[in-house]
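Colleague: got a sequence here, can you model it:
(one chain, ligands or ions: 3)
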Amino acid sequence: MVPYVYDFTEGGRSMAALLGGKGANLAEMARLGLPVPPGFIVTTQACRVFLTTGAEPPSLAGELADHLAALEASAGRSLGQPDDPLLLSVRSGARFSMPGMMETVLDVGLTDAGVAGLAKASGSDRFAWDSYRRLLQMFGSTVMGVDAELFERALARLKEFVGAPDDVSLSASDLAELVDTYKALIRDETGEEFPQDPAEQLRRAVRAVFASWNGERARVYRRRAHIPDDLGTAVTVQRMVFGNLGSASGSGVAFTRDPATGRPGAYGDYLPDAQGEDVVAGVRNTVPLAELERLDPNAYSHLMGHLRVLEQHYRDLCDVEFTIERGTLWMLQTRVGQRTAEAAFTIAAALADEGRIDVDEALTRVGGDGLARLMFPRFDASATGDPLARGVPASPGAAVGAAVFDSAEAARRAARGEKVVLVREETTPDDLPGMVAAQAVLTARGGKTSHAAVVARGMGKVCVCGAERLAVDVRGRRLVVGDTVVEEGAVLSVDGSEGAVYVGAVPLMDSTVMRYFETGERADGVVDAVAGALDQADRVRRLEVRANADTPEDAARARRFGAQGIGLCRTEHMFLGDRRQLVEAMILAHTDAERERALDALLPLQRADFVGILTAMDGLPVTIRLLDPPLHEFLPDHTELAVRVATAARPDPHDVALLDAVERMHESNPMLGLRGVRLGLVVPGLVAMQVRAVAEAVVECRRSGGHPRAEIMVPLIATVEELRLVREEVERVLAEVSASSGLTVDCPVGTMIELPRAALTAGGIAAEAEFFSFGTNDLTQTTWGFSRDDVEAAFFSAYLAKGVFPVSPFETIDRQGVGRLVESAVAEGRAARPDLTIGVCGEHGGNPESVRFFHDAGLDYVSCSPFRVPVARLEAGRAAI
Ligand code: ADP
Ligand code: MG
Ligand code: MG
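Modeller: Ligands and ions are numbered 1, 2, ... in the order given. Just a heads-up that it's a prediction; the model follows:
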């Protein structure tokens, strides 16, 4: 039969699923010969039985008794033995670290009868009473369900009464009195006495640790960390060692390197005369680890030795909890430690340099999310106070600016050179100019995939969204949080990495990593580490990385950041601004001649745009998408126009015609309306004009010695017929330009795959397409039937909270659904045309987890915003290992 209990000597690091991380690593340390108080571990399997049946497995009691007997034999005394009680700690610990989320009970086995024995054996009355009150406090709250706050309050009252500044100033008799208070409290709150049978204490503590798996805190944490709900926790039962035995004792935590910066050398905190839980609870101020060297050089040097052993063994940064009992050092916990992004890159590079891991493994130790964080300026953490509000950390970085409450004001102030933070209830496409002008965007509603978040990430702007405590008063031009009022123009600091907002200007630290990408300057060790990781990623990755860029500036930046071309050049913004009138004229044209005039006027403007972009990306592919959005997006707002026409004494005839057109073109669901290829097929001359602009730009670039590589991409096709029709037109225009210029202009023609029907008929489409590019934003919308702008504000947060999906499908590609369409389209497309080039454009192209999927699905490239290019390069490298 499989045992439910393992001795430390029977376990090891590889058994974390069964023994929990804490148990498995304690066993590993014991195996390495480090000083670990002996003990045993009840498996997660036993916990799962308990959670599903409501009772411990029948054989558990016997196994526990056997292991306890062995522990007692080795200690030479028994649990709770009155003249010299053996005391135990009963500790939670799941497969994945859930720090502080579950329960631990210390000093189990102590009773009224044992206190005197413990006092005598240790020579300290104070220590014995302190241990007993700790047990009552932890057992009372964790096992018996008394509100922990009540114990805290009783303790605080006593300290105040006797005038003790801190816990250590309480005398033995003070603590004895506290024990009486605690016992009464337990009796009053539960109607039950604190159990005086040590075996019963142990049994109930184990059960309470099992049950803490389903505690509120643990459940919330798991949901956020995407840890499955059915793993259960292991329970480690271990002999107590005592850090609260006077000034030669104490507890601390240590890291083998600095977890904030990655700098080598041990780092940590120590608290004399304390048990481990005091260190984290912050009951007294700790001293830096270096101080321990002075207090107890012997224990310190042992600790340094153990840290070296651990780092050598785990080949990574480790953190430990330790306790010193009267000069003897005990190791109570270790694990591969959490670290900041900066430390992750620095440590991976250092370990590779030291020859402890190879360069591929170093690459697995860092990630795209961390790299993205390093690319943004940060606040100086030592200078932040309490935040005004917290929200979703939607787009990382830090920004300082004056609060403004609408797009126009943002643009106005930015034009004067002022830095602004755009604060909105939530944003819409109308806020775009304001978002462009702002340093940061702050909203009261919406999650990570809200309009504000998506747009801000695409632009590399700082964004905190869903800061629910904010009351945004656009009319009053102010923002209210509790009793704090922030008027327009007041300075806010927005931390998009942490999801926090501060009043006033918090000092900023520039990102050296970003400067490196922009200029090649290597200002510090973090930059060297990042550069090394990217070099390795570039060596091993199979996926190419292109950028989504619509302007020569973006194209140039993308190139500096390592893009191997443009995977998506949108042409719609080329129709905005001053050119809007020409577009209006094109839409409103009554005759072919009128329309042609408008198109003719647009042609040279488009051509100049393309020349700029093709020049910036010379020698690399530039995928130009034909006009995609619904035409009415280029026309004025209906309501505004209707009001203008209705209220004018003599309405402007142009306005009347415009209103008529706007009304004619109104769609109740524009996302599924006249857009994409459909536009090209119903607006005569539009495709021809755009293709001619591309072809003539190619000619112009070639004449000035360049190597332009334009590709033409048709959006939103559902059937191959659409593509065939557009393709004929494209080829006709290319032939004309070739003939008139005397240069052969040969642009590959391909299509976006962004409707389920296109994905399902990809084989047929491939016959007409030289490349595919998955538009995973629209493909996600149409596969799920979600209108992104609508669903995100309306119910995504509820869906995420209920666990319908762990993460928005707009953020990370939905492998089972959308991913399956991608896979089948790749297979069919390649079967029909083996040399078909396949990529993806859209937000997913820069999302770490999605990049991995695109690698697995066999795509040729991902395309993402210029700022995400290094992230995609890194992740493509990691995916290839
Ligand atoms: P968490 O997972 O919340 O860190 P732990 O199981 O590590 O919980 O226990 C909490 C505290 O109790 C730790 O700080 C540790 O130092 C202390 N502790 C645990 N076991 C023992 C022991 N055998 N002797 C002394 N202190 C212990
Ligand atoms: Mg711990
Ligand atoms: Mg699309």
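Colleague: quick one, strands of the stretch 651-800 of the chain?
Modeller: Secondary structure of the stretch 651-800 of the chain (DSSP state E, counting those that start in this stretch): strands at 709-714, 749-753, 771-775.
Colleague: just put these in TSV and tack on distance to residue 293 and mean pLDDT.
Modeller: Where you see a C-beta, it was placed from the backbone N, CA and C, and this is true even at glycine. Shown next, in TSV, are these (distance: least, CB to CB, whole Å; pLDDT from 0 to 100):
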stretch	distance to residue 293	mean pLDDT
strand 709-714	63	98
strand 749-753	63	98
strand 771-775	58	98
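Colleague: so for ligand 3, which of the ones you listed sits nearest?
Modeller: Nearest to ligand 3 among the strands of the stretch 651-800 of the chain is strand 771-775 (3.9 Å), distances taken as CB to the ion.
Colleague: now the closest one and strand 709-714, what's the angle there?
Modeller: Going by axes from the mean of the first three to the mean of the last three CA atoms, to 10 degrees, strand 771-775 is angled at 60 degrees with respect to strand 709-714.
Colleague: what about stretch 496-503, how long is it end to end?
Modeller: 15 Å (CA to CA, to the nearest Å).
Colleague: name the residues that touch it?
Modeller: Contacting residues not belonging to stretch 496-503 are listed as 373, 376, 378, 384-385, 387-399, 440, 442, 456, 462-464, 467, 470, 484, 486, 490-495 [CB atoms under 8 Å, 6 or more residues apart in numbering].
Colleague: what's the closest non-adjacent residue to whatever residue of the stretch 201-350 of the chain ends up closest to ligand 3?
Modeller: Using CB to the ion, the single residue of the stretch 201-350 of the chain nearest to ligand 3 is residue 226, 28.3 Å away. Nearest residue to residue 226 in three dimensions, chain neighbours excluded: residue 806, at 5.0 Å (CB to CB, 6 or more residues apart in numbering).
Colleague: quick one on the thing from earlier: number of nearby residues for the residue of the stretch 201-350 of the chain closest to ligand 3?
Modeller: Look at residue 226: counted by other CB atoms under 10 Å, it has 9 neighbours.
Colleague: and the pLDDT at whatever residue of the chain ends up closest to ligand 1?
Modeller: Relative to ligand 1, the nearest point of the chain is residue 276 (2.0 Å; CB to the nearest ligand atom). Residue 276 is assigned a predicted lDDT (pLDDT) of 85.
Colleague: measure it to residue 90 for me?
Modeller: 14 Å (CB to CB, to the nearest Å).
Colleague: among the two, which residue is more densely surrounded?
Modeller: Using other CB under 10 Å, the more surrounded residue of residue 276 and residue 90 is residue 90, with 30 against 23.
Colleague: relative to strand 709-714, how tilted is the longest helix along the chain?
Modeller: In the chain, taking DSSP state H as the definition, the longest helix is helix 592-616. If you take the same axes, to 10 degrees, helix 592-616 sits at 140 degrees to strand 709-714.
Colleague: where does the stretch 201-350 of the chain dip in pLDDT?
Modeller: 224, 280-283 (pLDDT under 70).
Colleague: not including adjacent chain positions, what is the nearest residue to residue 251?
Modeller: residue 243 (3.8 Å).
Colleague: show me the contacts for that neighbour.
Modeller: For residue 243, counting by CB under 8 Å, 6+ apart, the contacting residues are 249-251, 271, 273-276, 323-325.
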